[in-house]
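# got a predicted structure plus its sequence, pasted below:
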Amino acid sequence: VTECIPLAYIQSSGGMVVVDKDGKVLEKKEEQTSYMIPILFDFKFDNYKLSEKISKNNNEKLQKTLEITKNLYNNNLIEDVLSITTLKGEIYLNFRDGLKVIVGNEENINGKLTMLKEVLQVLPEGSKGIIDARNADKLYHRSE
């Protein structure tokens, strides 16, 4: 028996569902108040069953996005991220403190998130702006 860890909220009819790393629906919520996990804005599901994986034509994109949430979890960043969005093949993270991160594509995602974690540790508390993490070797921060 393995414990299912809540990793993301996904919009559904009548609220949100909480999913684990495999896209298995753990519970339904009216709003995202129970867990400090990101909302995945690129997906909306009307048909699902509790304790079963979400099935959707867009499953490959969902699996890639859930892979990112797993990496956020493994890098102890999951609670800091408010939402994850994908636009034109690029991943964007919106942090709870207003900081935005352009991750780029999912290539070398773990390296990018490891470097991002190091950058976040040296940024002054309350820093705003955008971090460009498309290049895992060198991240850039622009203040707003």
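That came through fine.

# okay, helices next: where are they in this protein?
For the chain, the helices defined by DSSP state H occupy 59-74, 109-122.

# can I get those helices in JSON lines including mean neighbour count and mean pLDDT?
(Each C-beta comes from the backbone N, C-alpha and C, glycine too.) Below are those laid out as JSON lines (neighbours: other CB atoms under 10 Å; pLDDT from 0 to 100):
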{"stretch": "helix 59-74", "mean neighbour count": "18", "mean pLDDT": "88"}
{"stretch": "helix 109-122", "mean neighbour count": "16", "mean pLDDT": "92"}
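
# can I get those helices in CSV with distance to residue 132?
Putting these into CSV (distance: least, CB to CB, whole Å) gives the following:
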stretch, distance to residue 132
helix 59-74, 17
helix 109-122, 10
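
# which of those sits closest to residue 52?
Nearest to residue 52, of all these, is helix 59-74, at 13.2 Å by CB to CB.

# now do the lowest-mean-pLDDT helix or strand in the chain: which elements does it pack against?
Within the chain, judged by mean pLDDT, DSSP states H and E, the helix or strand with the poorest mean is strand 39-45; its value is a mean of 82. Using 3 or more CB pairs under 8 Å, 6 or more residues apart in numbering; DSSP states H and E as the contact test, the elements touching strand 39-45 are strand 8-12, helix 59-74, strand 81-87.

# quickly run through the sheet partners of that strand, with directions.
Within its sheet, strand 39-45 is paired with strand 8-12 (parallel), strand 81-87 (parallel), according to DSSP bridges.

# looking at the ones you listed, which has the lowest confidence?
For those, the stretch scoring lowest in mean pLDDT is strand 8-12; its value is a mean of 87.

# can I get the CA coordinates of that one in PDB?
Extracted C-alpha coordinates of strand 8-12, given in PDB (Å, rounded to 0.1, in the frame of the first residue of the first chain):
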ATOM      1  CA  ALA A   8      -2.400  19.500  -7.900                       C
ATOM      2  CA  TYR A   9      -5.900  20.900  -8.200                       C
ATOM      3  CA  ILE A  10      -7.700  20.600 -11.600                       C
ATOM      4  CA  GLN A  11     -10.900  22.400 -12.500                       C
ATOM      5  CA  SER A  12     -14.000  20.300 -12.700                       C
END
